[in-house]
Structure formats: C-alpha cells, structure tokens
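> Sequence and predicted structure are below.
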Amino acid sequence: MDAAITYFDVHPLAALAAGLAALVASALLAQWVTNEVLLRAIRHGLSRVGLHQVSETLRPVSVRLARIVPAFIVYQGVLAVPHLPPAVVLVTRNVAAAFIILTVVMAMAAALTLVNTIYSRRPEAASRPIKGYLQVVKIILFVIATILILATLIDRSPLLLLSGMGAMAAILMLVFKDTILSLVASVQLTSNDMLRVGDWIEMPELNADGDVIDIALHTVKVQNWDKTITTIPTWKLINESFKNWRGMEESGGRRIKRALLIDQTSVRFLEPAERERMRRFALIDDYLESKQDELEAWNARMVEAGRDAVNARRVTNLGTFRAYVASYLKAHSGIHQDMTQMVRQLDPTPQGLPLEIYCFTATTSWIAYEGIQADIFDHLIAILPEFGLQLYQQPSGLDVARLGAVQQQAKTAT
C-alpha cells in the first residue's frame with residue numbers, strides 16, 4: 001500500500017488516470033445499482049402488492065430520475081481526483097450540474113405527460129382537455145431550465161443572464177421571426193401528431209393534395225397526385241386548416257357517397273303481379289314478404305274503420321329498389337360491414353330525385369376503391385329498369401335530333 005502511494009506521489013499522471021478511472025467506475029456502478037437493483041426492487045415490490053400497472057406507468061419518470069445519481073457522483077467525486085486542474089474541475093462540475101437540471105426537467109415533463117394520459121381516460125376529458133395547459137407548463141419549465149443550464153455552464157448568476165436577454169430577445173425575434181414561427185409550428189405538429197411523412201393531406205388554398213414527402217423546420221413538401229411538388233411553410237399548417245386522410249387509411253375503409261338521379265315520373269306503386277315477379281330477386285324476397293304482411297295488417301284496420309280505399313298503403317317501385325340496394329351492399333364482399341351503410345333519398349331537384357348510396361369499402365387502396373365503386377353503380381344502373389325506374393338525364397343534341405326526326409315523320413304522315 002505504501003509503495004502504491006509513493007508511486008502515485010512520484011507519478012502525478014498515473015494518479016490522475018487512476019482517479020479518473022475510479023470516478024468513471026463509481027458513476028457506472030451507481031447507475032447499474034440504481035437501475036438494476038433499486039428500481040427493479042421497487043417495481044418488484046409494487047408488483048407483489050398488486051401495483052404492477054402503477055410501476056409500469058411510472059417507469060418513464062423513474063428512469064429519468066435514476067440518471068441523477070451518476071451525475072451527482074461525478075459532481076462531487078471530481079473534487080477528489082488528484083492533480084486535476086481547477087479549470088477542468090470547474091467545467092466538469094458545471095456540466096454535471098447542468099445535466100442534473102436537464103434530467104429533473106425531463107422527469108417533470110414525463111410526469112406531466114403521464115398526468116395527461118391518466119386524465120384522458122376520464123369521461124370528462126373529451127369535453128375538458130388539459131393537454132394545452134400542460135404544454136404551456138412544459139414550455140415554462142424548459143425555458144427556466146434553459147436559463148439555469150446556461151447560467152450554470154458559464155458560472156454566472158441566472159439574474160445576470162436574464163438582465164441581458166431582454167434587448168437580445170427583441171433583436172432575435174426580428175431577425176429570426178420566420179424561424180421562430182416554424183420552430184413553434186414544428187413542435188406543435190410533432191407533439192400533437194398532426195402530420196407525418198407519408199400522410200395524404202389536402203390544402204386547397206395552397207393547391208396541395210397528395211402525400212407528405214418531407215417535413216423540415218421551415219417547409220413541408222407535398223407531392224401532389226399529378227406528381228408536382230407543393231412547398232408549404234410549416235407555420236401555415238398551424239395558422240390554416242388542412243385535411244389529413246390518415247384517419248381514413250388507418251380505419252381500413254374508404255367512403256362511397258354518390259347518388260343516382262331517379263326520374264320522378266317513373267316512381268309508382270307496384271301491382272300485385274309485379275310484386276310476385278320481383279320475388280325472384282333473392283335479396284329482397286324477405287323484404288317483400290314482411291312488407292306485404294305489414295301493409296295487409298294496416299289496410300285491414302282501414303277497412304274495419306270504414307275508411308276509403310284511397311287510405312290503403314301499397315308498395316312502391318322506388319322503395320323496393322331502395323331495399324334491394326341496401327341488401328346488395330350488405331351482401332357485397334367489397335363493402336366494409338362494420339361501418340355505416342345507408343341508402344337514402346335527398347331533397348328532390350330539377351334534375352331528378354337523388355337516391356344516395358353511403359357506405360365504406362373494405363380497402364383504402366385508391367385503384368381498388370374506384371373499381372368497387374364502379375362495379376356497384378354499373379350493377380345498379382343496369383338493374384334499375386327491372387323496377388320500372390329510369391335515370392334522369394338532360395336532353396342532348398342526339399335527343400333533339402331524334403325529336404326533330406319524329407316531328408318530321410309526323411308531318412310527312414299527315
């Protein structure tokens with residue numbers, strides 16, 4: 001032992017190296033003991049008393065707090081390293097203190113995130129969210145931490161640092177206005193998960209409709225469907241509204257919302273023979289049977305009450321066709337059966353009676369979606385005459401020519 005002490009006295013560099021090695025080993029050992037022994041023992045104890053979920057919930061906070069231990073050992077232990085220059089000791093202690101401040105703030109931010117996660121599970125969270133307030137608290141914490149870290153690194157009082165930041169902040173805000181706006185917008189876009197690379201967004205005001213291919217500090221690049229590139233300032237995505245289709249892609253279904261314009265003059269009641277003939281459609285056989293029972297019961301009550309026959313209810317071709325379309329969609333393999341399906345009439349227009357089909361395909365692929373949609377309307381348009389219905393179509397030049405030919409033939413015949 002005496003020989004070792006004498007050796008280190010004679011060789012200061014060896015003493016310095018040994019001291020640094022001991023300091024690093026102590027910090028690493030402290031980190032290992034904290035993470036693998038202390039925290040694991042705490043988690044094991046919580047699990048044994050039935051609080052395993054609590055330990056897993058607190059893990060992000062505890063992991064960050066555990067980093068304080070090795071940093072504190074470095075902060076105190078660097079004083080015991082022999083032959084270390086005072087300037088190096090000061091810088092090391094300042095860096096360790098700054099790291100401790102940063103670690104504490106990161107743990108507090110994780111705790112605030114945890115508070116928001118727990119609160120979001122409460123019923124009132126949807127109408128009274130606190131995420132915005134917590135984000136403001138985080139910003140204040142990080143601003144304070146930045147000031148303290150800078151003051152610690154330069155070994156000056158935080159008040160002295162604050163006194164000189166007023167004029168400098170005004171100049172920086174003028175020079176870097178766009179950068180600051182873009183930085184704030186980037187933080188909001190990221191923290192709220194509003195935009196990702198690969199998202200399909202639509203922003204008509206800036207002629208953007210396509211996939212996001214790049215997100216930078218100042219700009220977001222969107223490749224439109226015609227392969228052109230639209231560059232959007234990042235801050236505009238916060239100041240103005242845009243549509244993100246990611247929700248549709250993640251849901252697994254893509255909406256079909258299209259109407260058939262029915263010629264209203266073709267809407268009528270079905271005769272009994274027509275009803276029987278339509279029973280050959282397997283999709284509406286049950287509908288016709290239940291509808292007939294319902295109408296017979298209604299009409300029987302009208303007869304018993306001595307009402308005129310005009311009060312009787314009858315099946316219409318449009319109502320039957322609407323029931324057919326609803327059954328057709330339920331039986332279609334390309335339609336998502338767990339999402340909304342609806343066949344409804346809209347307000348009559350001069351162009352006809354809109355019969356709207358509202359449903360979702362079982363795929364979000366654009367090409368497959370268009371194919372399924374086209375197949376559905378091909379079938380509906382082709383089968384429409386079987387119900388005695390006609391589509392409305394504005395007269396074309398060919399219709400006018402045919403009318404003129406008919407009139408000419410009539411004149412010739414007379």
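That came in fine, so what should we check first? Numbering: from 1, shown residues only.
> When you work out contacts or count neighbours from here on, use the C-alpha atoms and nothing else.
Will do.
> Can you tell me the centre-most residue of the chain?
G247 (5.2 Å; CA atoms, centre = their mean).
> what's the helix or strand hosting E276 packed up against?
Taking DSSP states H and E as the definition, one finds E276 inside helix 272-278. Helices and strands touching helix 272-278, as assessed by 3 or more CA pairs under 8 Å, 6 or more residues apart in numbering; DSSP states H and E, are absent.
> Give me the next element, helix or strand, following it.
helix 285-304.
> From T265, how far out is Q351?
12 Å (CA to CA, to the nearest Å).
> contacts for the helix holding E276?
Contact partners of helix 272-278, identified using CA atoms under 8 Å, 6 or more residues apart in numbering, comprise 284-285, 288.
> ok, back up a step: between Q351 and T265, which contacts overlap?
With CA under 8 Å, 6+ apart as the test, Q351 and T265 reach no residue in common.
> all strands for the protein, in order.
200-203, 208-215, 219-224, 229-233, 243-244, 254-262, 342-345, 353-361 (DSSP state E).
> now the angle from the second one to strand 219-224?
Read that as strand 208-215. Relative orientation of strand 208-215 versus strand 219-224 (axes from the mean of the first three to the mean of the last three CA atoms, to 10 degrees): 130 degrees.
> for the stretch 51-200 of the chain, which spans come out with low pLDDT?
Scanning the stretch 51-200 of the chain for pLDDT under 70 picks out 51-60, 83, 125-129, 132, 160-170, 172-173, 175.
> Then the stretch 301-414 of the chain?
302-312, 414.
> Go ahead and confirm Y75 touches V91.
No. At 10.1 Å, Y75 does not count as touching V91 under the criterion of CA atoms under 8 Å.
> Which of these two has more residues huddled nearby?
Y75 (19 against 15; other CA atoms under 10 Å).
> Spit out the contact partners of the residue nearest to the more buried one when sequence neighbours are not counted.
Of all residues not flanking Y75 in the chain, R93 sits nearest, at 4.8 Å (CA to CA, 6 or more residues apart in numbering). Residues counted as contacts of R93 (CA under 8 Å, 6+ apart) are 74-76, 78.
> Dump those residues into JSON lines; add distance to I154 as well.
Below are the contacts of R93 laid out as JSON lines (distance: CA to CA, whole Å):
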{"residue": "V74", "distance to I154": "18"}
{"residue": "Y75", "distance to I154": "16"}
{"residue": "Q76", "distance to I154": "19"}
{"residue": "V78", "distance to I154": "18"}
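> Provide a PyMOL selection command restricted to the buried entries of the residues you listed.
Selection of the buried residues among the contacts of R93 in PyMOL, burial being defined by 16 or more other CA atoms under 10 Å:
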select buried, resi 74+75+78
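> ok, so what distance separates R277 from L288?
On the measure of CA to CA, R277 and L288 end up 11 Å apart.
> What is the neighbour count of K221?
The number of residues near K221, taken as other CA under 10 Å, comes to 20.
> for V187, same thing?
Residues within reach of V187, counting by other CA under 10 Å, total 12.
> now swap in L20 and tell me
For L20, using other CA under 10 Å, the count is 19.
> Find the nearest non-adjacent residue to it, please.
V81 (6.5 Å).
> right, and the one you found touches V24 too?
No. Using CA under 8 Å, V81 makes no contact with V24, being 11.0 Å away.
> Buried by neighbour count: which residues of stretch 80-97 qualify?
81-82, 84, 89-90, 92-97.
> ok, now stretch 221-238?
221-224, 229-238.
> any chance of those in JSON lines, plus distance to I335 and pLDDT?
Shown next, in JSON lines, are the buried residues of stretch 221-238 (distance: CA to CA, whole Å; pLDDT from 0 to 100):
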{"residue": "K221", "distance to I335": "34", "pLDDT": "93"}
{"residue": "V222", "distance to I335": "30", "pLDDT": "94"}
{"residue": "Q223", "distance to I335": "29", "pLDDT": "95"}
{"residue": "N224", "distance to I335": "28", "pLDDT": "95"}
{"residue": "I229", "distance to I335": "34", "pLDDT": "94"}
{"residue": "T230", "distance to I335": "34", "pLDDT": "93"}
{"residue": "T231", "distance to I335": "36", "pLDDT": "93"}
{"residue": "I232", "distance to I335": "36", "pLDDT": "92"}
{"residue": "P233", "distance to I335": "39", "pLDDT": "90"}
{"residue": "T234", "distance to I335": "37", "pLDDT": "87"}
{"residue": "W235", "distance to I335": "39", "pLDDT": "87"}
{"residue": "K236", "distance to I335": "37", "pLDDT": "90"}
{"residue": "L237", "distance to I335": "34", "pLDDT": "89"}
{"residue": "I238", "distance to I335": "35", "pLDDT": "87"}
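> just these now: which is nearest A109?
Using CA to CA, I238 comes nearest to A109 of the buried residues of stretch 221-238, at 23.1 Å.
> how about the nearest residue to that closest one, chain neighbours excluded?
I238 sits nearest to A185 (CA to CA, 6+ apart), 6.1 Å away.
> Wait, the one you found touches V220, no?
No. Taking contacts as CA under 8 Å, A185 lies outside contact range of V220: 11.2 Å.
> Need the residues touching each of these two.
T234.
> who has more neighbours, Q351 and T265?
Neighbour totals were compared for Q351 and T265, and Q351 leads with 14 against 11 (other CA under 10 Å).
> Tell me how far the more buried one lies from Q394.
Taken as CA to CA, the span from Q351 to Q394 is 8 Å.
> re earlier: and the buried residues of stretch 80-97, which two are furthest apart?
P82 and A97 (20.7 Å).
> buried residues in stretch 332-347?
Buried, per 16+ other CA under 10 Å, within stretch 332-347: 334-337, 339, 341-343, 345.
> May I see these organised as TSV, with distance to L29 added?
Formatted as TSV, the buried residues of stretch 332-347 follow (distance: CA to CA, whole Å):
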residue	distance to L29
G334	60
I335	60
H336	57
Q337	58
M339	56
Q341	63
M342	66
V343	69
Q345	74
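> What sits closest to T231 if chain neighbours are left out?
T231's closest residue in space is K221 (CA to CA, 6+ apart), at 4.6 Å.
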